[in-house]
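Engineer: predicted model and sequence follow; I will ask about them next.
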Amino acid sequence: MATALEKIDHHLKCGICQERYTHPKVLDCQHNFCQNCLEEYYTGRYKDTPKIPCPVCLQETVLPDTRIQGLKTNFLLTGIIEEISEQEKLACSEEKNTCQKHQGEKKRFYCETCQELICNSCAVLDHCKPQHHYIDIGEASLKYKHSLQDIFLDFNKEIKGLEKSLTASSDAQQEFAWNVTKTVKAVQDRATKMRAEITSQEKKLIDKIQQIQQDRNQMYAEHQKTISTMLQGKQYSLTAAQDFIDTASESDFLSFCPIISKDLESLKSPNLPWIDPKLSYLRFSPGQRVDEINLGQLEVTADTWEKCHTCREFGKHAWFGRRRLGMVQGIAATQPGEFAVVDCWNKRVVTWSNEGQHKQNIPLKSHPRDTATIHNHDNQLVVVDDTKYVKVFDKKNKLAFQVPTVPQSEVDGTEVNLCSVAVTKDGTILVGDVKRMVWTEHRPTDGQLLHTVPVQTPPYFLAVDDCSDRVVISGFKTQEVGVAVRNGTALSTIKPIIDEKPVQLCCGIYCHSSSVYAAVCNEAGTGHIHHYDLDGVFLACLAQDLWSPHGITFKSDGQLAVADWDSVKMYHKV
């Protein structure tokens, strides 16, 4: 016993006090220490810190709220120490090999049932078979040594596995560190090239601006010089004539009056010097995508738009199922070369070619209000109507799925008023709910509800700018258009005017290249399409005299399409 204890004794001693463990606490590194030793170690060096480094390996352990006392107690180690202490007491006694119950009897057997050493008398009286099973002490020792050896084999396998895992983890970490360095360098190299390209484009644009500035300033200078020369000549002639009138005698005045009148008449200019008012126009139109490293281009003149086509009816024979459009609202570019318009009164969505040729009707059971396109491989069409469900159609215009804008369990008990829909560049669907004053965001693949975002402007119409990811909200009768970030925080407000007065209605909106296009009107027949930047600065009026414009979109051919009450009007740049 003494020899065996000597071999394992150092495993039973605290690394701090070098004595047998007392209330051993185990750290994350699996090293054990007496509770009192750890208390003194922690208080003396690391008091009030949330971590404690191991006194042996220095690995840190996060302490629980109760600090050292809250660490796990190694009950297995406690039990081993107690058992060894008990065995030591027995070994040190004079009768260490004798039975305590039967004086003079040596313990020659081991009862496997009770797991204790017994003598002959114990075997006959207290541990008799078949209730108990005991074997010779030598046989028992050999048997249990073998059983422990089997456990040791399993432990050795686990240790080797842990060592292998540790090596693999260390190797993987080194490889990761190398990949981090390599990836950071790749990003930096790419960014350097992009910055160089952007700097080059910036210089070209600024050089062009400065050249335009120089040319136009010269034109302004020449125009102003001409005007100044004319002004000085007229002022001198007027002053000289006035002085002559005031100082000349009557005879002299009458003698020279015809000459003076003729000279003054000759100095009159029927037309003042003219300069093109468009020379003052200069704007910057940002590129659509940052990842194309295209800052954009200069607009040296304002665009002029002209109506080129009107889509109004599909045919004259109602019995063929072809009807005039009635109260068109939402409009969206769909598949390349096509667009779709919401025909509210006739409960349908109508698709057209860019040239204005009717393609297909999508019949609905309810009144549709708005539509948008998910530009993916299927070019899915999203429609909101006067129900509680958002409908998504595939490229064959068949219903793919429909989803509510609230959890399914809340549909019956929640009032909604779905008026608008927009789609972000990653396909996320945004639906405007005027009743709850929110927009909801849905996953494009299955319509799952992702977020519900409160808004300040009633979302009668929605649009998303792909460049900045800002959301633009038109409030209809609120007479304003709001610009917000994706969490709903308002950034700016656009307050359109017509004839220097606030408009009565703000209707359809569309975003393109950080620009906002808004359909606004007062009474019927006064509709305008206005162009603003995202800060609300008015840039241009694209169209006027619309009857009641609602939806706006740009088709794939670059033309502007406006859903205007009972027709779709198309405009192109001239």
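Structural biologist: Everything's here; your move. Values in this document were obtained by computation on a predicted structure and should not be read as measured data. Residues are numbered from 1 along each chain as shown.

Engineer: same for the lengthiest helix in the chain, what does it pack against?
Structural biologist: The longest helix of the chain (DSSP state H) is helix 137-247. Other helices and strands packing on helix 137-247, by 3 or more Cβ pairs under 8 Å, 6 or more residues apart in numbering; DSSP states H and E, are strand 109-111, helix 250-267, strand 296-299. C-beta coordinates here come from the backbone N, C-alpha and C atoms, glycine included.

Engineer: hey, which of those is tucked in deepest?
Structural biologist: Among the helices and strands packed on helix 137-247, ranked by average contacts under mean count of other Cβ atoms under 10 Å, first place goes to strand 109-111 (a mean of 20).

Engineer: how far does that one sit from its chain's centre?
Structural biologist: Offset of strand 109-111 from its chain centre (Cα atoms, centre = their mean, to the nearest Å): 72 Å.

Engineer: residues in contact with it: which ones?
Structural biologist: 116-120, 122-123, 127, 132-137, 140-141 (Cβ atoms under 8 Å, 6 or more residues apart in numbering).

Engineer: make it 7 Å
Structural biologist: With contact meaning Cβ atoms under 7 Å, 6 or more residues apart in numbering, strand 109-111 is reached by 117-118, 123, 127, 132, 134-137, 140.

Engineer: same list, the residues you listed, but as CSV with pLDDT please.
Structural biologist: Output for these, formatted as CSV (pLDDT from 0 to 100):
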residue, pLDDT
117, 88
118, 84
123, 82
127, 85
132, 89
134, 86
135, 87
136, 86
137, 85
140, 87
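
Engineer: will you turn those residues into JSON lines that also has distance to residue 248?
Structural biologist: Shown next, in JSON lines, are these (distance: Cβ to Cβ, whole Å):
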{"residue": "117", "distance to residue 248": "154"}
{"residue": "118", "distance to residue 248": "157"}
{"residue": "123", "distance to residue 248": "161"}
{"residue": "127", "distance to residue 248": "157"}
{"residue": "132", "distance to residue 248": "156"}
{"residue": "134", "distance to residue 248": "157"}
{"residue": "135", "distance to residue 248": "156"}
{"residue": "136", "distance to residue 248": "159"}
{"residue": "137", "distance to residue 248": "156"}
{"residue": "140", "distance to residue 248": "152"}
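
Engineer: now, which of those sits nearest residue 20?
Structural biologist: When the contacts of strand 109-111 are compared for distance to residue 20 (Cβ to Cβ), residue 117 wins out at 23.7 Å.

Engineer: can you give the distance of the helix or strand containing the closest one from its chain's centre?
Structural biologist: Per DSSP states H and E: residue 117 is located in strand 116-118. Distance of strand 116-118 from the chain centroid (Cα atoms, centre = their mean) equals 72 Å.

Engineer: backbone torsions only: list them for residue 357.
Structural biologist: Phi and psi for residue 357, reported as degrees, to the nearest 10, are phi -90, psi 130.

Engineer: what's the local residue count around it?
Structural biologist: 11 (other Cβ atoms under 10 Å).

Engineer: same deal with residue 34?
Structural biologist: Using other Cβ under 10 Å, residue 34 is surrounded by 21 other residues.

Engineer: number the residues from 36 up from this point.
Structural biologist: In the new numbering, first residue 36, that becomes residue 69.

Engineer: that one is in contact with residue 48, isn't it?
Structural biologist: No. At 9.7 Å, residue 69 and residue 48 do not qualify as touching, with contact defined as Cβ atoms under 7 Å.

Engineer: now residue 488, what's its secondary structure?
Structural biologist: Using DSSP: H, G, I helix; E, B strand; the rest coil, the secondary structure recorded for residue 488 is strand.

Engineer: that one pairs with what?
Structural biologist: Residue 488 has these beta-bridge partners by DSSP bridges: residue 474.

Engineer: hang on, the earlier thing: buried set for the strand holding residue 152?
Structural biologist: Buried positions in strand 151-153, judged by neighbour count with 16 or more other Cβ atoms under 10 Å: 152-153.

Engineer: so who does residue 308 touch?
Structural biologist: 258, 261-262.

Engineer: same thing but at 8 Å, please
Structural biologist: Residue 308 is in contact with 258, 261-262, 265, counting by Cβ under 8 Å, 6+ apart.

Engineer: I'd like to know how far it sits from residue 250.
Structural biologist: Computed with Cβ to Cβ, to the nearest Å, the distance linking residue 308 and residue 250 is 18 Å.

Engineer: then residue 262?
Structural biologist: In this view, residue 262 and residue 250 are 19 Å apart by Cβ to Cβ.

Engineer: where do the helices sit along the stretch 486-609 of the chain?
Structural biologist: Counting by DSSP state H, counting those that start in this stretch, the stretch 486-609 of the chain has no helices at all.

Engineer: what bits of the stretch 186-335 of the chain have low per-residue confidence?
Structural biologist: The model of the stretch 186-335 of the chain has pLDDT under 70 over residues 304-305, 322-335.

Engineer: hmm, residue 76 is touching residue 51, no?
Structural biologist: Yes. Counting by Cβ atoms under 8 Å, residue 76 touches residue 51, with 6.3 Å between them.

Engineer: more neighbours: which of those two?
Structural biologist: Neighbour totals were compared for residue 76 and residue 51, and residue 76 leads with 18 against 15 (other Cβ under 10 Å).

Engineer: measure the closest residue to residue 609 other than its chain neighbours to residue 602 for me?
Structural biologist: In this structure, residue 609 finds its nearest non-sequential neighbour in residue 341, 4.7 Å apart by Cβ to Cβ, 6 or more residues apart in numbering. Note on residue 341: its distance to residue 602, by Cβ to Cβ, is 16 Å.

Engineer: of these two, which one has the most company?
Structural biologist: Each of residue 341 and residue 602 has its neighbours counted (other Cβ under 10 Å); residue 602 has more, 17 against 11.

Engineer: about what we covered before: for ChimeraX, write the selection for the buried entries among the contacts of strand 144-146.
Structural biologist: The buried residues among the contacts of strand 144-146 can be selected in ChimeraX (16+ other Cβ under 10 Å) with this line:
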select :152,153,158,162,167,169,175
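
Engineer: just the contacts of strand 144-146 now: which is nearest residue 505?
Structural biologist: Distance to residue 505 across those (Cβ to Cβ) is lowest for residue 175, with 81.7 Å.

Engineer: quick check: chain neighbours aside, which residue is closest to the most centrally placed residue in the chain?
Structural biologist: Central residue of the chain (Cα atoms, centre = their mean): residue 521, 7.5 Å from the mean position. Nearest non-adjacent residue to residue 521, counting by Cβ to Cβ, 6+ apart: residue 504, 6.0 Å away.

Engineer: so who does that neighbour touch?
Structural biologist: Contacts of residue 504 by Cβ under 8 Å, 6+ apart are 459-460, 520-521.

Engineer: which residue lies farthest from the center of this structure?
Structural biologist: Max distance from the centre of the chain (Cα atoms, centre = their mean): residue 286, 91.0 Å.

Engineer: can you list phi and psi of residue 108 for me?
Structural biologist: Dihedral pair for residue 108: phi -90, psi 130, per degrees, to the nearest 10.

Engineer: now the closest residue to it other than its chain neighbours, which residues is it bridged with?
Structural biologist: Of all residues not flanking residue 108 in the chain, residue 60 sits nearest, at 6.2 Å (Cβ to Cβ, 6+ apart). Beta-bridge pairing for residue 60 (DSSP bridges): residue 68, residue 108.
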